[in-house]
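Undergrad: for reference, the sequence and a predicted model appear below.
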Amino acid sequence: MTRYIFITGGVVSSLGKGIASAALGALLQSRGYKVRLRKLDPYLNVDPGTMSPYQHGEVFVTDDGAETDLDLGNYERFTGRAAQRNDNITTGRIYMDILTKERRGDYLGATIQVIPHVTNAIKDFVLAGNEDYDFVLVEVGGTVGDIESLPFLEAIRQVGQEQKRGSVIYIHLTLLPYIPSAGELKTKPTQHSVAELRSIGIQPDILLCRTDRPIPVEERRKLALFCNVRPTAVIEARDLGSIYDVPLAYHAEGLDDEVLAAFGMEEGAREPDVSGWKSISERIHAPEGEVTIAVVGKYTGMKDAYKSLIEALTHGGIANRVKVNLDWIESEVFEKEDPSPFLEHVHGILVPGGFGIRGAEGKIRAARFAREGICFGMQMAVIEAARSLAGVAAANSTEFGPTTEPVVGLMTEWMKGNELETRAAGGDLGGTMRLGAYASTLARGSRIATIYGATTISERHRHRFEVNMGYRQMLEAKGLKFAGLSPDGLLPETVEYEDHPWFIGVQYHPELKSRPFEPHPLFASFIDAAKTQSRLV
Ligand code: GLN
């Protein structure tokens, strides 16, 4: 039997519902259960692909080419299960499907309404494809009280009524603010939030309470009484030093025991094996050294825009037993100032993915010093090489406007498996990039093939432009080797400088596949190179 756990958020946003869901998933997994994590997003965009990273943080790309919410990255990192397109849905997607059907005449004669049409579509989504799983955890985006979340909450309420008794539970994540003048942790906002949930028919089974200090017995009692939950179901969720401490902390607070009890599964429950999480935690808290990596990006004020990247660098640190300090540099700075003083002291420089002209020249200047360039970062590194090594002064990307030297240009055709994908300038922007897993062939003996220990790899892509093969010969003559290509040999996938201690550019996003238990080889190797550099600086 598949059991459902719905996770809602209350009081304020940004409480870390995604991490909480992912950590609970990991704990259930550690008891040998098969888990799936999914997310319902209440906004009207069809997917987050067209949203600004400032608004919504990173767009997480799945193997099957979906642009999804960044929490799917958390799910994947914590459980090791590769997220899929159908693990995330938005209000926009639901309405788009319903309205397409309406135009086709599928509902002929009917009036289309939020209840039952929208709620049914949400339920169909939630219940589909779960046969192989013991637990399906469904996170509802937004905060209880938002107008937008109402159809989702109504749908998950109905699921609780319609599924087998005892197979659905609700967890509410809330905040207990500390008021210094009163010297107390306050329970009232949580009481209000639960009252709101109960007024729409959802009684939470478990309260997960974010707090910066221990919850006193009296406050626990109050929360249990006023929110109508058992005292053992009030789980303390303290602020922690690292997200990878969360599974252990929740376990210590009894969250997984309480979840099993809520399903009536406590008798004979399997013992958890959290040893893997213990060793990750130990490595994070007792590093043997430190390295500093400069990240030269354009959304540096919004760290969520680089979520997977930050995690992948952390994983590289875990692999090498070092703490990775990040030096965030807004690339526009280098358009006015000399990069040297900013970059001399760091042990590695990374130019991440990005879009558009703002800050691009700064990234090109940083690429002269850089060691790793991802996607846009690789494109900027190649433009830099064309300008300063191959003497192509006008080298540029058509992403920024017409140019006589399109070293990076719009991709209009490429192969996806056996299918030819075609795009035209001026086409739709949503969902039309080269998205998802594509294979690359790495040249035998190249540095990148050595790092992967393989000559065929599969990595996730999200880009519209590509390095122009027409410049390959000229650039290779100057030492910038096109070591990785698409299997048909038509698209450049990776570049590297032969005579540089460690300089790699990749057209894909390796950070999306890095996990704490399986640090990505490129990040492990990059941090290893930074470690060597740190001994020299
Ligand atoms: N803007 C570039 C492109 O579309 C790079 C995208 C990225 O870094 N993900 O090709």
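TA: Great, that's in hand.
Undergrad: phi first, then psi, for the residue sitting furthest away from the middle of the chain.
TA: No residue in the chain has its C-alpha farther from the mean C-alpha position than residue 109, which lies at 42.4 Å (C-alpha atoms, centre = their mean). Backbone torsions for residue 109, taken as degrees, to the nearest 10, come to phi 100, psi -20.
Undergrad: can you check residue 284 too?
TA: Dihedral pair for residue 284: phi -70, psi -40, per degrees, to the nearest 10.
Undergrad: residue 345 sits in which helix or strand?
TA: Taking DSSP states H and E as the definition, one finds residue 345 inside no helix or strand.
Undergrad: scratch that, residue 171 is what I was asking about
TA: With secondary structure defined by DSSP H and E, residue 171 is part of strand 168-175.
Undergrad: can you give the distance from the next helix or strand after that strand to the centre of its chain?
TA: Following strand 168-175 in sequence order, the next helix or strand is strand 178-179 (DSSP H and E). What separates the centre of strand 178-179 from the centre of its chain is 32 Å, taken as C-alpha atoms, centre = their mean, to the nearest Å.
Undergrad: same deal with stretch 441-460?
TA: The chain centre lies 24 Å from the centre of stretch 441-460; the measure is C-alpha atoms, centre = their mean.
Undergrad: what of stretch 342-358?
TA: Relative to the chain's own centre, stretch 342-358 is displaced by 20 Å; criterion: C-alpha atoms, centre = their mean.
Undergrad: find the nearest non-adjacent residue to residue 266, please.
TA: In space, and not counting its chain neighbours, residue 266 is closest to residue 260: 5.2 Å by C-beta to C-beta, 6 or more residues apart in numbering. Any C-beta I mention is one placed from the backbone N, CA and C, and that applies to glycine too.
Undergrad: is that neighbour in a helix, a strand, or coil?
TA: Under DSSP: H, G, I helix; E, B strand; the rest coil, the three-state class of residue 260 is helix.
Undergrad: near it, how many other residues are there?
TA: 20 (other C-beta atoms under 10 Å).
Undergrad: that one reaches residue 270, doesn't it?
TA: No: shown here, residue 260 and residue 270 do not form a contact pair, counting by C-beta atoms under 8 Å, at 9.1 Å.
Undergrad: re earlier: from residue 282, how far out is the residue nearest to residue 266?
TA: Taking C-beta to C-beta, to the nearest Å as the criterion, residue 260 is separated from residue 282 by 27 Å.
Undergrad: residue 126 too?
TA: With distances taken as C-beta to C-beta, residue 126 is found 37 Å from residue 282.
Undergrad: neighbour count winner among the two?
TA: Under the criterion of other C-beta under 10 Å, the comparison of residue 126 against residue 282 puts residue 126 first, with 20 against 11.
Undergrad: wasn't that one part of a strand?
TA: No: Residue 126 is assigned helix when assessed by three-state DSSP, not a strand.
Undergrad: quick one: contacts for it?
TA: Taking C-beta atoms under 8 Å, 6 or more residues apart in numbering as the definition of contact, the neighbours of residue 126 are 4, 38, 40, 136, 138, 155-156, 159.
Undergrad: let me know how buried residue 146 is, in neighbour terms.
TA: Burial of residue 146 is recorded as 15 neighbouring residues (other C-beta under 10 Å).
Undergrad: what sits against it?
TA: Residues in contact with residue 146 (C-beta under 8 Å, 6+ apart) are residue 42.
Undergrad: partner strands of the helix or strand of the chain with the lowest mean pLDDT, with direction?
TA: Lowest mean confidence among the helices and strands of the chain (mean pLDDT, DSSP states H and E): strand 372-374, at a mean of 78. With DSSP bridges as the test, strand 372-374 is paired with strand 348-351 (parallel), strand 504-506 (parallel).
Undergrad: so how far is residue 423 from the closest residue in space to residue 425 that isn't next to it in sequence?
TA: Nearest residue to residue 425, sequence neighbours excluded (C-beta to C-beta, 6+ apart): residue 410, at 6.0 Å. Using C-beta to C-beta, one gets 7 Å for the distance from residue 410 to residue 423.
Undergrad: what do those two both touch?
TA: Residues touching both residue 410 and residue 423 (C-beta under 8 Å, 6+ apart) are residue 464.
Undergrad: related to what we said a few turns ago, what sits up against the least confident helix or strand of the chain?
TA: Outside strand 372-374, the residues that touch it by C-beta under 8 Å, 6+ apart are 309, 348-353, 367, 379-381, 502-506, 508-511, 522, 526.
Undergrad: check which element follows it along the chain.
TA: Once the chain leaves strand 372-374, the next helix or strand it forms, by DSSP H and E, is helix 376-388.
Undergrad: any idea which helix or strand comes after that next one?
TA: From helix 376-388 onward toward the C-terminus, using DSSP H and E, the following helix or strand is strand 395-397.
Undergrad: phi, psi for residue 456 please.
TA: phi -120, psi 130.
Undergrad: cool, and the one 4 residues further on?
TA: Its backbone dihedrals place residue 460 at phi -90, psi 140, with angles given as degrees, to the nearest 10.
Undergrad: how about residue 232?
TA: Dihedral angles of residue 232 (phi, psi; degrees, to the nearest 10) stand at phi -70, psi -10.
Undergrad: mind listing what the residue lying closest to it once chain neighbours are set aside touches?
TA: Closest residue in space to residue 232, ignoring its immediate chain neighbours: residue 258 at 6.0 Å, by C-beta to C-beta, 6+ apart. Contacts for residue 258 (C-beta under 8 Å, 6+ apart) come out as 206, 232-233, 235.
Undergrad: pull the CA atoms of stretch 469-480 into PDB?
TA: Provided in PDB are the C-alpha atoms of stretch 469-480 (Å, rounded to 0.1, in the frame of the first residue of the first chain):
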ATOM      1  CA  MET A 469      32.600  24.600 -34.200                       C
ATOM      2  CA  GLY A 470      33.900  26.900 -36.900                       C
ATOM      3  CA  TYR A 471      36.400  28.300 -34.400                       C
ATOM      4  CA  ARG A 472      37.600  24.900 -33.100                       C
ATOM      5  CA  GLN A 473      40.800  24.600 -35.200                       C
ATOM      6  CA  MET A 474      41.900  28.100 -34.500                       C
ATOM      7  CA  LEU A 475      41.300  27.700 -30.700                       C
ATOM      8  CA  GLU A 476      42.800  24.200 -30.500                       C
ATOM      9  CA  ALA A 477      46.000  25.600 -32.200                       C
ATOM     10  CA  LYS A 478      46.200  28.000 -29.200                       C
ATOM     11  CA  GLY A 479      45.800  25.200 -26.600                       C
ATOM     12  CA  LEU A 480      42.100  25.300 -25.900                       C
END
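Undergrad: buried residues in it, which are they?
TA: The neighbour-count check on stretch 469-480 (16 or more other C-beta atoms under 10 Å) flags 471-472, 474-475, 480 as buried.
Undergrad: since that was my last question, I'll sign off now.
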